[in-house]
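Trainee: Here's my sequence, what's the structure:
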Amino acid sequence: MKILIVSPNREAFVHRVAPIGPLYLVAALEERGHTVRFVDGMFLSDPFEAFAQAVRDFQPDLVGLAIRNIDTLLAKDVYHMPEFKRYIEILRQFSKAPVVAGGPGFSLMPDEIMRSFDLDFGIAGEADLALPALAESLNNKTSYASLPGLLYRDQGKLIINKPEQIEDLDAIPFQAVAHIDAKSYGRYRGNLAVFTRKACPMKCIYCPEAALHGNRVRLRSAKRVVDELEYIVKTTGVLDFDFADTTFNVPREHAVAVCEEIIRRGLKIRFEVELSPIGQNDESVRLLKAAGCIGVDLTAESGSDRMLDTLRRGFTADLTLKAGALYKRHGIPYTAGFLLGGPGENRQSVEDSIHLAKALPGMTSAYFTVGIRLFKNTELVRLALEEGVIKSTDELIKPVFYLSEQFDTACAHSLLTACHRSLRLYVSDLFYTPMMRKFFGTADRRNVRPIWKFGTLPKLLEWGLRLGRPGLRWDQGKRCYVAS
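Mentor: Modelled structure (predicted):
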């Protein structure tokens, strides 16, 4: 069967992300004997024309649309859904092949996207088994009605099958990296990535991770993880990586095992990771450094223990301080991320977060995200419904952001602006301006790693805050902030 997979993602903010999810699917399809063509939109000058040309030349039997992002999660930024609709329109113009959508963005709101788009099929959750099974069913003209995670229409009615999680992660083939221009990602700070686990044990009230991978953590063996890293290095020559896990160090023992395996093999790579303050100690951070870690994105979230408890983060501000001290001791640059605007956020909790950011030892920079994107089936959406922020009939496919009524935007702007130089501060959403895209574009061209070490950051942030304007619009009817 001839299968065309397209990755429309062209987002370069904060950096260019290689399409690892679709590349795992390409590998799974090729392993089963299908002929696959892959269109990566990231570096194409006209991705729509490239896709149209691929449809005309390849004449696929099935087309897969990989929806990575619905939006950028920033309260004043890009909404990607119209782009995806354009791909489907192009396909319908040149082909009668059925189209199936999947990916993280699709899996967050599969029924809403199916109802909004002219799609034949959708796959919610992990598609590594479901997509090859769908291809086999279509090729052999057998029933696909019971395939896990499949969405389809039966006499006009939308059918949604329950997703199924993959048990043996080591059985997943390595990414088909030969289908992308890996060196271009390297030139523009776009690290390639591998995964070490599926699902997350954390229970944060705003996170939709369970919709993607369920609630039960499954681990990929350290040997298999490093086997894939070695394969990508030998195939592409790329040495810069990310780990595509929400928090690499949870559970700690598994992260330690991966680092030890990298060190044991003498694999000379560089990588950046997102870490939770939970469960770190001197030995785990030492191994992280020895394995090639060049930067940590520390999920501090808040300097207020009350807010951390409300968000169900599972740690305290003191634990964040201890993690920062470990990175400083071992010479690992790190940035700290803070999330403002959650339930009960007020001036005191904002000041607590700023105080923590100032107290973090050796921190390179801090970034504050203002407003929390609402995703269905999360505890935050339940709270928003109780508070009347949204209605049960509201579809959240277009970005809606929660912001506490106690959060004084003018006060927060004043507090953050006053300390931006000392913190090398980046404020997204509420004070987001095009200056930040210019900044990241310049860092792209200079291939700065990690991004937040870029030397001109303080000056650009000063301009951005001086020129900034609120990026949220208060919707009186919904009693919440939405993208303006």
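Trainee: where in the protein is pLDDT low?
Mentor: Applying pLDDT under 70 to the chain picks out residues 12-14, 70-80, 189-190, 420-484.
Trainee: how is it carved up into domains?
Mentor: Following automatic domain parsing, one gets these domains for the chain: 2-160, 191-483.
Trainee: Stretch 274-286: how far from the chain's middle?
Mentor: Taking C-alpha atoms, centre = their mean, to the nearest Å, one finds the center of stretch 274-286 at 21 Å from the center of the full chain.
Trainee: for it, which positions count as buried?
Mentor: Neighbour-count burial for stretch 274-286 flags 274, 275, 276, 277, 278, 279, 280, 284, 285 (criterion: 16 or more other C-beta atoms under 10 Å). No exception for glycine: its C-beta is placed from N, CA and C like everyone else's.
Trainee: And the helix or strand that contains residue 366, what does it pack against?
Mentor: Secondary-structure element containing residue 366, defined by DSSP states H and E: strand 365-370. Applying 3 or more C-beta pairs under 8 Å, 6 or more residues apart in numbering; DSSP states H and E, we find strand 365-370 packed against strand 334-340, helix 409-423, strand 425-427.
Trainee: Show me where the stretch 101-250 of the chain has its helices.
Mentor: 104-108, 110-116, 130-140, 182-187, 209-213, 222-236 (DSSP state H, counting those that start in this stretch).
Trainee: Could you name the helices and strands sitting against the first one?
Mentor: In this structure, helix 104-108 makes packing contacts with strand 121-123, helix 209-213, judged by 3+ C-beta pairs under 8 Å, 6+ apart.
Trainee: what's stretch 109-121 in contact with?
Mentor: 65, 67, 70, 81, 84-85, 88-89, 92, 98-101, 106, 122, 124, 134, 144, 150-153, 158, 160, 375-376, 395-397 (C-beta atoms under 8 Å, 6 or more residues apart in numbering).
Trainee: Now, of these, which are buried?
Mentor: Using 16+ other C-beta under 10 Å, the buried members of those are 65, 67, 70, 81, 84, 88, 98-101, 106, 122, 124, 134, 144, 150-152, 375-376, 396-397.
Trainee: Could you dump the helices and strands packed on strand 365-370 into TSV with mean neighbour count and distance to residue 242 added?
Mentor: Formatted as TSV, the helices and strands packed on strand 365-370 follow (neighbours: other C-beta atoms under 10 Å; distance: least, C-beta to C-beta, whole Å):
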stretch	mean neighbour count	distance to residue 242
strand 334-340	24	14
helix 409-423	16	24
strand 425-427	25	19
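Trainee: Ok, which of the ones you listed comes nearest residue 194?
Mentor: strand 334-340 (21.3 Å; C-beta to C-beta).
Trainee: In the next helix or strand after the closest one, which residues are buried?
Mentor: For strand 334-340, the following helix or strand on the C-terminal side (DSSP H and E) is helix 347-359. Residues 349, 350, 352, 353, 354, 356, 357 are the ones in helix 347-359 that count as buried (16+ other C-beta under 10 Å).
Trainee: Using PDB, write out every CA atom in helix 347-359.
Mentor: Extracted C-alpha coordinates of helix 347-359, given in PDB (Å, rounded to 0.1, in the frame of the first residue of the first chain):
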ATOM      1  CA  ARG A 347      -0.100  39.300  44.200                       C
ATOM      2  CA  GLN A 348       1.500  37.400  47.100                       C
ATOM      3  CA  SER A 349       1.900  34.200  45.100                       C
ATOM      4  CA  VAL A 350       3.400  36.200  42.100                       C
ATOM      5  CA  GLU A 351       5.800  37.800  44.500                       C
ATOM      6  CA  ASP A 352       6.700  34.400  45.900                       C
ATOM      7  CA  SER A 353       7.500  33.200  42.400                       C
ATOM      8  CA  ILE A 354       9.700  36.200  41.700                       C
ATOM      9  CA  HIS A 355      11.400  35.700  45.100                       C
ATOM     10  CA  LEU A 356      12.200  32.100  44.200                       C
ATOM     11  CA  ALA A 357      13.500  33.000  40.800                       C
ATOM     12  CA  LYS A 358      15.900  35.500  42.400                       C
ATOM     13  CA  ALA A 359      17.000  33.000  45.000                       C
END
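Trainee: what packs against that helix?
Mentor: Against helix 347-359 (3+ C-beta pairs under 8 Å, 6+ apart) you get strand 293-301, helix 305-310, helix 317-330, strand 334-340, helix 409-423.
Trainee: 6 Å instead?
Mentor: Contacts defined by 3 or more C-beta pairs under 6 Å, 6 or more residues apart in numbering; DSSP states H and E place helix 347-359 against helix 409-423.
Trainee: could you give the angle of the helix it packs on to helix 347-359?
Mentor: 10 degrees (axes from the mean of the first three to the mean of the last three C-alpha atoms, to 10 degrees).
Trainee: Work out the gap between helix 409-423 and the centre of the chain.
Mentor: 27 Å.
Trainee: hang on, the earlier thing: please flag which of the buried residues of stretch 274-286 sit within helices.
Mentor: 284, 285 (DSSP state H).
Trainee: can you put the buried residues of stretch 274-286 in a markdown table and add distance to residue 403?
Mentor: Formatted as a markdown table, the buried residues of stretch 274-286 follow (distance: C-beta to C-beta, whole Å):
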| residue | distance to residue 403 |
| --- | --- |
| 274 | 24 |
| 275 | 27 |
| 276 | 24 |
| 277 | 25 |
| 278 | 27 |
| 279 | 31 |
| 280 | 31 |
| 284 | 36 |
| 285 | 35 |
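Trainee: Closest to residue 320 out of the buried residues of stretch 274-286?
Mentor: Nearest to residue 320 among the buried residues of stretch 274-286, with distances taken as C-beta to C-beta, is residue 277, at 4.5 Å.
Trainee: Since that was my last question, I'll sign off now.
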